[in-house]
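**Q** Prediction below, plus the sequence it came from.
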Amino acid sequence: MTDSPLLTRFRHTIAELRTGSRWGSAHVYQSTYNMFTLFLRLECPDFEHLSPLLLKHFEGFLRRRGCRWNTVSTYMRMLRAVYHRALDAGEAVYVPRLFAHVHTSVGRECKKALPPADMARLLRAGTGGDESNPGLSGRERRSCTLFCLMFLLRGIPFVDLAYLRKTDIRNSVLRYRRRKTHQPLIVSLPAEAGALLAALARDTPSSPYLLPFLNSPEDTEAAYREYQSALRRVNSDLVTLASRLGIDARLSTYTARHTWATAAYHCGVHPGIISEAMGHSSITVTETYLKPFQYERIDRANRQVIDFVRQSPAVLPCGG
């Protein structure tokens, strides 16, 4: 496969992200680069430049490899971003509506929130002490405690939790900045969360981190790899925990975040408040979380309208 200015720009972009310690973004761009170059080697398309047909072939290639639509969208959006960088640098040819016919939107492919009864079961197991879950191992109990803590802290993402510092908590108030959106958040610690933090907190005086997930300095590649390793381990433990507690759902750290947002929505909290509470970049992100449940409300409203009309008494015509 002959190299191209676009692939060179791809590598430059990845290098720039790594130089800026944006390890997560660099990882996603690298994954996209790896998949796109694999496609070019295997498919051997006769195209010197990007074209709508080439991208459509790439989309089909991804789907044949079992990629979900959100994964396809991620790869396409990363490829589009690099293409725009190449255009700005005069390294690519402009093609009108180049990405118009491939999947670049993001949606909820399945509900990730737990029903209230399942979340209540986890809270009892995570906050009730050893006597409430005698059958759980120490590792399973710790995973349950961690999941409950993320829920109690307004669905805090695991990445933000892992990077919390001891100095982020003062007078029962947590102050931190979201790593994804850089928005500052202030959380008054619920009473239930204090005990869970004490159970999970690191007891290493020399470490600045509150919880025992990271050892390397912040914003280093080593710290990012430690975070990724901890995330995989915790998610694996949560799958086991769900099975042990009889919860018919695939638990992950993200489930706690979706569950908090969904519970708030069903409690009548305005999406704007939910967006602020979770540190979303915009309310559009929050609405993506809640869209499946908005559809449910619309369907219930439709059922009410139909039942209202069907139950209305018949009116005889005049003179009948």
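**A** Happy to help now that I have it.
**Q** So what touches stretch 135-142?
**A** 125-126, 130, 133, 144, 200, 237, 240-241, 244 (Cβ atoms under 8 Å, 6 or more residues apart in numbering). The way it works is simple: take the backbone N, C-alpha and C, and place the C-beta from them, glycine included.
**Q** Regarding the residue nearest the centre of the chain, what is its secondary structure?
**A** When Cα atoms, centre = their mean is applied to the chain, the residue found nearest the centroid is Tyr254 (5.8 Å). The three-state assignment at Tyr254 reads helix, by DSSP: H, G, I helix; E, B strand; the rest coil.
**Q** For the helix or strand containing Glu140, buried residues please.
**A** Per DSSP states H and E, Glu140 falls inside helix 138-152. Buried residues in helix 138-152, counting neighbours by 16 or more other Cβ atoms under 10 Å, are found at 140-152.
**Q** One more: stretch 219-233?
**A** In stretch 219-233, counting by 16+ other Cβ under 10 Å, buried: 223-224, 226-227, 230-231.
**Q** again, but for stretch 49-66
**A** Buried residues in stretch 49-66, counted by 16+ other Cβ under 10 Å: 50, 54-55, 57-59, 61-62.
**Q** do stretch 4-17 as well
**A** Neighbour counts over stretch 4-17 (16+ other Cβ under 10 Å) mark 4, 6-7, 9-10, 13-14, 17 as buried.
**Q** export the buried residues of stretch 219-233 to TSV and tack on pLDDT?
**A** Below are those laid out as TSV (pLDDT from 0 to 100):
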residue	pLDDT
Ala223	95
Tyr224	94
Glu226	96
Tyr227	96
Ala230	95
Leu231	95
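**Q** Let's see which of these end up in helices.
**A** With DSSP state H as the criterion, helices contain 223-224, 226-227, 230-231 from among the buried residues of stretch 219-233.
**Q** and of those residues, the nearest to Val72?
**A** Leu231 (22.6 Å; Cβ to Cβ).
**Q** just checking, the closest one touches Phe158?
**A** Yes - Leu231 lies in contact with Phe158 (Cβ atoms under 8 Å); the separation is 5.7 Å.
**Q** which secondary structure elements does the lowest-mean-pLDDT helix or strand in the chain contact?
**A** Sorting the helices and strands of the chain by mean pLDDT, DSSP states H and E puts helix 283-310 at the bottom, at a mean of 74. Identification of packing neighbours for helix 283-310 by 3 or more Cβ pairs under 8 Å, 6 or more residues apart in numbering; DSSP states H and E yields helix 253-266, helix 271-278.
**Q** looking at these, which is buried most?
**A** Of all those, helix 253-266 has the most neighbours on average by mean count of other Cβ atoms under 10 Å, namely a mean of 21.
**Q** Residues contacting that helix, please?
**A** With contacts defined as Cβ under 8 Å, 6+ apart, helix 253-266 is touched by 111-114, 116, 119, 146-148, 150-151, 154-158, 231, 234-235, 238, 249, 271, 273-274, 277-278, 286, 289-290, 293.
**Q** Perfect, that will be all.
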